[in-house]
Structures are given as C-alpha cells and as structure tokens.
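A.B. asks: I'll drop the sequence and a predicted model, then ask my questions.
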Amino acid sequence: MTFGLTVGLLSGCKPPPIATHGPRPGPDEEVDVASCLPGKFGGTMVLTESSEPTCINPLVEAGEQVSLDMQVMLLSGLAVYNPLTQENVPALAKSWEIAADKKTYTFHLRKGTKWSDGAPFTADDVIFTFDCIFADKTDPATGKSTLRYPNRYAQELTFDGERLKYRKIDDLTVEFYTPKIYSPFIDELAGPIFMIPKHKLEASYRDGTLLQQWTSQTGIDHPEEIVGTGPYVLRSYVPGQRIVMSSNPYFWRADTTGQRLPYLDFMVFQFVVSIETDVMLFATGQTDSSMDYQGIPPTDESWVKKGEKLYDFTIYNRGPFPASWFLWFNLKPGVNKDGKPYVTPYKQAWFNNKLFRQAVMYGIDRPGIAKGVYLGRGEPEKSVINQGNPKWTNPNVRQYDYNPAKSRELLKEAGFHWDEKGLLFDAEGHRVEFELMMYEGKPLRAEVVTVFKKNMEDLGINVKLTFVDPGVVMEKITNTYDYDMTGLGWGSSSGEVDPQDNKTLFRSNGTYHEWNPKQSTPATEWEKRIDDLVDAQELTFDETERKHIFYEIQDIFADELPLLYIVDEYTYQGIKNKWRNLRVPPSGTLLWNPDELWTEPAKTAP
C-alpha cells in the first residue's frame with residue numbers, strides 16, 4: 001500500500017520520475033563532511049502538510065510554518081543551528097573569525113559551492129542578499145527613505161538607527177561590521193538568513209518586483225526558477241495535492257566516504273485538510289513521520305501508539321514544547337483612519353490595568369486545562385521563555401497558581417464590583433465583557449479557550465468567543481488593531497534557541513510586540529526597561545551575564561503580564577523505524593537532518 005501511495009504521489013498520471021544524484025565532490029570543492037554513518041542512495045520520504053505554502057521567497061513574511069518548512073529544504077544560510085549539539089555551525093561559510101573589537105566578522109565561503117542550477121555561489125551572492133535586505137526607496141509623499149523591500153531582517157540588523165555594514169573582500173570572503181557590539185550576530189545569521197541567487201533575481205531586484213518572485217505560483221508553473229543551495233530542489237507543485245522535491249545535485253555536504261548528500265531520491269509533501277488527517281495517515285502507516293511541527297497532539301498519543309508494532313514506527317515523547325502559546329489583551333492606544341478608537345476606551349482602561357491582567361491570570365484553571373484538555377500530557381506554562389527551553393528559563397520567576405479568591409481580591413482592589421447576580425462591573429457601571437478572537441482549525445486551542453470562557457464566567461466576566469480564518473487574525477493584529485483579545489503561538493520547531501530570537505516580541509518597537517506593536521517610543525516604564533535589557537544582553541558575549549539579563553526580562557513579564565501564557569503541552573513525534581541516521585536532539589523536530597536520512601532499498605519479489 002505504501003509503495004502504491006508513493007508512486008501515485010510522485011507521478012500522478014505520468015510515469016514515475018527517475019532519480020538522479022550529484023557527482024562526488026572534486027578536490028577543488030570544500031564540502032562539509034557529515035559526522036553521520038554513511039548510508040545508501042534511494043528511497044522516498046512521504047510527509048504531510050496541513051496547509052500550503054504561500055511563498056518560497058525568504059524576504060516575504062509568509063506568517064505560516066509550511067513556507068519555512070519548504071525554505072529550509074531549498075535554501076541555506078552562511079551558518080545553521082545544530083539542535084543536536086545546540087550550537088551554531090558552518091553552512092555555506094566554512095568558517096568565520098570575530099576581530100578583537102568584537103564588531104568585525106570575517107566569513108570564509110566554501111570553495112567550489114554551486115547553486116542547484118550549477119552556477120557558482122560566491123561572495124557576490126552574499127552581498128546581493130544583504131543589498132536586497134537593506135535596499136531603500138524614497139517615499140514621494142514624505143520624502144523620507146523607506147525600505148524598498150520590507151522585511152524583518154532589516155530591523156533586526158539595524159542598531160540604534162545604524163545599519164549593519166558589509167563588504168566583499170574577494171570571491172570567497174565577506175566582512176560584516178556591526179556598528180555596536182552585538183553578541184547574537186551569528187545567531188541572527190543562523191536563524192537562518194537564507195542566501196538568494198544574484199544571477200536569478202538581480203533583474204527583479206532592479207525593476208522593483210523582487211517580492212513578487214518565487215511565489216507559490218512560481219512553484220506551480222516554473223519550479224525550475226526556484227534555485228537554491230539547500231539539500232533539495234523543487235520538482236513539482238500540484239495545488240491541493242502535493243509538492244515533490246528531488247536531491248540537489250550540487251549540495252555542499254558529503255558523507256565520510258565521499259558520497260554527496262542527500263541520500264534520498266525524493267521528498268514528498270502531501271497536502272491534507274487538517275492535523276487530524278495528518279495524524280491518521282501516519283498512524284495507519286501511510287506516511288513516514290508526523291509532520292506537523294508540534295507533532296502528534298497529546299490527546300492522540302495513546303491511540304496512535306497502539307499501532308507502533310503493526311506499522312513499524314516509534315513515538316518519541318519530546319517533553320515540554322519549546323515554543324509558547326499565549327493570550328493577550330489589545331493595549332494599542334489611538335484611533336483608526338476614521339477616528340474610531342482601536343479599543344473601546346473603558347475596555348482599554350481595564351486591559352491596561354495590571355491588577356486586572358493579574359486577576360485574569362489567577363482565574364485561569366491552567367492545571368485543569370492540562371489535565372482535562374491535554375489529558376495530563378502538559379503542564380502550566382511557567383514563563384515567557386518556557387520550560388521547553390530550560391537553559392534560559394528563569395526557575396524562580398513568579399507563578400500564578402489557580403486561585404479565584406485571589407482574582408476577586410485583585411479585581412476589588414482595582415475598583416471593580418459585583419451585582420447581586422454575581423456579574424462584574426467597573427467603577428463607572430460598565431459590565432465587564434470582551435470578545436476573544438481565535439483562529440479556526442485548532443481544536444485543542446478551541447477547547448482551551450472554552451475553559452477560559454467558563455473560568456471568566458466564574459468571576460462574573462462575559463467572554464464572547466469568535467473563531468475566524470487565520471488571515472483575519474493576522475490582519476487585525478498587524479494592521480487594523482480592531483479586537484479585544486486574541487492568542488497565537490510563538491517559537492520555533494528547532495528546539496531550544498537563544499531568546500535573542502524573541503527580540504521582535506520583547507522590544508517595544510518590535511513588529512511582534514503583540515499587545516502594542518511598533519511603538520515609536522516605549523509606552524510604559526516597564527517596556528523601556530525591557531528595551532534596555534535587550535540592548536544590554538547584545539553587548540556582552542558572557543553567557544552567564546546574558547542569562548541573568550533574560551531572567552530579569554522574565555520577571556518583568558511575569559509581573560506585568562502583557563501575555564497570558566496557558567499550558568506547555570508535551571510534544572510527541574513519530575517516525576517509521578526504517579529510517580537510518582535518525583539522531584534525536586534534546587528538543588525540536590526529529591527531521592532536523594533531512595539530508596542525512598536514508599533507508600535500505602525495498603525488497604522486490606523473486
């Protein structure tokens with residue numbers, strides 16, 4: 001059955017494609033030699049995705065995980081984070097040095113590296129990538145300079161208004177200069193910042209259409225136009241059905257015997273309508289791994305595990321998920337273009353009251369959610385940097401145990417009162433009620449907010465639940481700001497990461513400072529203190545000092561509660577036992593090394 005499924009996914013109505021692999025690296029090619037055991041070429045890995053990519057262009061903020069999943073397969077950066085060793089390691093750059101001033105970084109590229117179409121990868125491509133990131137244009141209405149191609153990297157690599165400097169030394173050497181000491185610079189590059197090909201995209205860079213390149217439509221009509229340095233190349237994209245990738249014949253890694261990686265012939269991503277379908281296909285042996293970046297939902301783990309022996313797979317308990325999921329109130333002040341306040345003024349007063357937020361937090365039965373919704377396969381989330389990232393979690397941060405009596409005490413202190421029916425009103429007589437907007441398609445999250453609604457009812461607060469398309473949520477939290485409360489996930493499937501990656505969440509001017517984004521100046525003293533702490537940790541390479549700084553940031557978040565973190569669910573990931581070179585990292589996805597995975601050739605009938 002699995003063989004038939006694989007052939008069908010690869011070919012549709014056409015003959016199955018023929019797999020090809022690149023030649024062994026020559027003596028003039030400086031490949032990275034993998035530490036894994038040598039394997040054999042061949043095989044197809046079949047995975048699922050519960051949504052389709054919107055874009056392959058790394059400069060476009062896609063806003064969903066599947067686009068990043070595709071980019072990781074097709075593109076590479078100068079450095080990459082290795083979740084097994086939990087360190088940044090060389091990728092397209094074979095090495096780098098940091099000068100005594102701790103602001104000058106010199107990167108040495110691998111000799112002989114090529115793009116997937118055979119064109120050489122050189123320092124010109126690195127310079128081009130950063131030219132695209134920082135390209136300017138003049139706004140004709142204001143005369144001010146703005147980014148020609150808006151992207152998150154430009155903000156992350158701008159320091160007190162001064163941008164990262166970079167220059168080409170020679171074809172294989174690039175120098176970067178940070179205007180101030182910025183210790184997470186390598187982390188930023190290993191994020192990764194994907195390199196893009198000058199020979200393919202320079203024309204669109206010059207004519208202003210760069211952000212319209214490498215869309216999902218490009219993958220459908222002209223997959224060969226998407227050229228990268230990742231382990232795979234895009235072979236075909238059939239909307240509503242699948243994406244097929246084949247091995248990149250010029251990939252920059254090899255095994256210890258000189259075989260060019262990757263080993264696999266094909267990677268197939270089958271589109272499914274829901275996470276439930278993803279789990280069902282894996283549980284019945286029709287796919288090779290549970291692909292959703294959070295793995296198998298905790299509520300499904302017990303019944304899926306029953307099929308381990310029959311379908312020859314293993315379920316791995318990965319412990320607390322290293323990313324967060326939280327709710328927040330809209331603290332955005334001001335009015336829209338029609339003069340209407342983003343938030344009703346008296347509600348804005350509630351939301352901005354720290355005592356109100358703390359009362360709500362004490363009133364959430366998080367242990368009950370962990371036990372009832374997640375069937376005990378989760379625990380109350382302890383901090384904005386949660387327990388899934390133990391290296392950086394503050395063990396002594398303030399906790400909010402379920403305590404409705406404490407909630408009532410704080411609400412009374414904040415000037416609220418209850419009527420004879422137990423309904424909560426503010427000092428001006430307004431009934432305390434608000435709308436919680438959630439995105440569709442996440443059944444566990446829907447159960448969580450249903451419990452939240454009941455918990456608030458117990459406090460006399462009325463919560464209206466509204467479920468909408470994820471795109472509507474993104475539009476409201478990034479553009480129109482017309483909502484009371486919402487929630488989103490935050491983090492990475494890569495596992496434990498440096499909390500510097502949360503910079504755009506922590507800083508008051510950050511794009512993802514969800515409760516009140518893109519502030520020109522900090523709206524509160526506590527937000528200013530967080531800004532100062534984020535800046536301070538960037539100035540030191542001492543990890544212990546940086547850890548204590550992030551501890552204080554967590555203390556501030558725990559006291560002010562701009563984010564209400566709920567439950568850190570345990571992560572369960574499954575994969576078929578036939579896959580070799582599976583090296584399970586301390587946290588993060590099992591599929592972090594898709595170029596190294598291989599399987600024995602299928603046996604044929606005599």
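C.D. replies: Perfect, I can see it now. Every value quoted in this text rests on a predicted model; they were computed, and no experiment measured them.
A.B. asks: Are we agreed that Pro517 is in a helix?
C.D. replies: No - under DSSP: H, G, I helix; E, B strand; the rest coil, Pro517 sits outside any helix and is assigned coil.
A.B. asks: Contacts only, for it.
C.D. replies: With contact taken as CB atoms under 8 Å, 6 or more residues apart in numbering, Pro517 is in contact with Lys332, Ile477, Thr478, Gly510, Thr511. Bear in mind the C-beta positions are built from the backbone N, C-alpha and C, glycine included.
A.B. asks: which residue packs closest to the last one, ignoring adjacent ones?
C.D. replies: In this case it means Thr511. Thr504 (5.1 Å; CB to CB, 6 or more residues apart in numbering).
A.B. asks: A helix includes the one you found, no?
C.D. replies: Yes - assessed by three-state DSSP, Thr504 belongs to a helix.
A.B. asks: Around it, count how many other residues there are.
C.D. replies: 17 (other CB atoms under 10 Å).
A.B. asks: what do you get for the one 4 residues further on?
C.D. replies: Close neighbours of Ser508, defined as other CB under 10 Å, add up to 20.
A.B. asks: How about the one 10 residues further on?
C.D. replies: Lys518 has 15 neighbours, counted by other CB under 10 Å.
A.B. asks: distance of it from Asn479?
C.D. replies: Applying CB to CB, to the nearest Å, the value for Lys518 to Asn479 is 11 Å.
A.B. asks: Arg583 too?
C.D. replies: 42 Å.
A.B. asks: quick one: which of the two has more around it?
C.D. replies: Neighbour comparison, Arg583 and Asn479: the larger count goes to Arg583, with 14 against 9 (by other CB under 10 Å).
A.B. asks: Need the three-state assignment for the nearest residue to that one once chain neighbours are set aside.
C.D. replies: Leaving aside its sequence neighbours, Arg583 sits nearest to Leu84 (CB to CB, 6+ apart; 5.6 Å). Put simply, Leu84 is coil when judged by three-state DSSP.
A.B. asks: cool, Pro367 as well?
C.D. replies: helix.
A.B. asks: likewise Ile556?
C.D. replies: With three-state DSSP as the criterion, Ile556 reads helix.
A.B. asks: so what's it up against?
C.D. replies: Here Ile556 is in contact with Trp526, Arg529, Ile530, Leu533 (CB under 8 Å, 6+ apart).
A.B. asks: Would you mind pulling the contact partners of the helix or strand containing the last one?
C.D. replies: Following DSSP states H and E, the helix or strand that holds Leu533 is helix 525-538. Helix 525-538 is contacted by residues 180-184, 500, 503, 506-509, 519, 522, 545-546, 549-550, 552-553, 556-557, 559-560 when judged by CB under 8 Å, 6+ apart.
A.B. asks: on that earlier part again, what sits against the residue nearest to Thr511?
C.D. replies: Arg152, Gln155, Glu156, Gly510, Thr511, Tyr512, His513.
A.B. asks: per-residue pLDDT, it?
C.D. replies: In this model, Thr504 is scored at 86, pLDDT.
A.B. asks: check contacts around Thr173.
C.D. replies: Neighbours of Thr173 in contact, by CB under 8 Å, 6+ apart: Thr106, Phe107, His108, Leu109, Ala123.
A.B. asks: go with 10 Å
C.D. replies: Ala93, Thr106, Phe107, His108, Leu109, Ala123, Val126, Arg167 (CB atoms under 10 Å, 6 or more residues apart in numbering).
A.B. asks: gap between it and Ala93?
C.D. replies: Counting by CB to CB - Thr173 and Ala93 are separated by 10 Å.
A.B. asks: what do those two both touch?
C.D. replies: Thr106, Phe107, His108, Leu109, Val126.
A.B. asks: Buried ones among these?
C.D. replies: Buried members of the shared contacts of Thr173 and Ala93, counted by 16 or more other CB atoms under 10 Å: Phe107, His108, Leu109, Val126.
A.B. asks: Inside helices: which ones of the residues you listed?
C.D. replies: Val126 (DSSP state H).
A.B. asks: And the helices in the stretch 351-500 of the chain, which stretches?
C.D. replies: 354-362, 366-372, 404-413, 443-458, 470-475 (DSSP state H, counting those that start in this stretch).
A.B. asks: so of the ones you listed, which one's packed in deepest?
C.D. replies: helix 354-362 (a mean of 22; mean count of other CB atoms under 10 Å).
A.B. asks: What average pLDDT does it get?
C.D. replies: Here the average pLDDT along helix 354-362 is 98.
A.B. asks: now the angle from that helix to helix 443-458?
C.D. replies: What separates the directions of helix 354-362 and helix 443-458 is an angle of 120 degrees, with axes from the mean of the first three to the mean of the last three CA atoms, to 10 degrees.
A.B. asks: Can you give the distance of helix 354-362 from its chain's centre?
C.D. replies: The gap between where helix 354-362 is centred and where its chain is centred comes out at 29 Å by CA atoms, centre = their mean, to the nearest Å.
A.B. asks: Distance from stretch 211-218 to the middle of the chain?
C.D. replies: 21 Å.
A.B. asks: should've said stretch 203-220
C.D. replies: 23 Å.
A.B. asks: Start and end of that stretch, how far apart?
C.D. replies: End-to-end distance of stretch 203-220 (CA to CA, to the nearest Å): 21 Å.
A.B. asks: can you check stretch 111-128 too?
C.D. replies: 18 Å.
A.B. asks: Same question for stretch 421-437.
C.D. replies: 27 Å.
A.B. asks: Which of the residues in the one helix or strand Ile315 maps to are classified as buried?
C.D. replies: Ile315 belongs to strand 313-320 when assigned by DSSP H and E. Under the neighbour-count criterion of 16+ other CB under 10 Å, strand 313-320 has Phe313, Ile315, Tyr316, Arg318, Pro320 buried.
A.B. asks: Helix, strand or coil: sort out the closest residue to the third one other than its chain neighbours for me.
C.D. replies: With CB to CB, 6+ apart as the criterion, Tyr316 has its nearest non-adjacent residue at 5.2 Å, and that residue is Gln573. Secondary structure assignment for Gln573 (three-state DSSP): strand.
A.B. asks: and what of Pro140?
C.D. replies: Taking three-state DSSP, the label given to Pro140 is coil.
A.B. asks: how close does it sit to Thr146?
C.D. replies: Pro140 is 11 Å from Thr146, by CB to CB.
A.B. asks: out of the two, which sits in the busier spot?
C.D. replies: Thr146 (10 against 6).
A.B. asks: burial of the nearest residue to the more buried one once chain neighbours are set aside, as a residue count?
C.D. replies: Leaving aside its chain neighbours, Thr146 sits nearest to Asp139 (5.3 Å; criterion: CB to CB, 6+ apart). Using other CB under 10 Å, the number of residues around Asp139 comes to 9.
A.B. asks: Can you give me the pLDDT of Asp139?
C.D. replies: 83.
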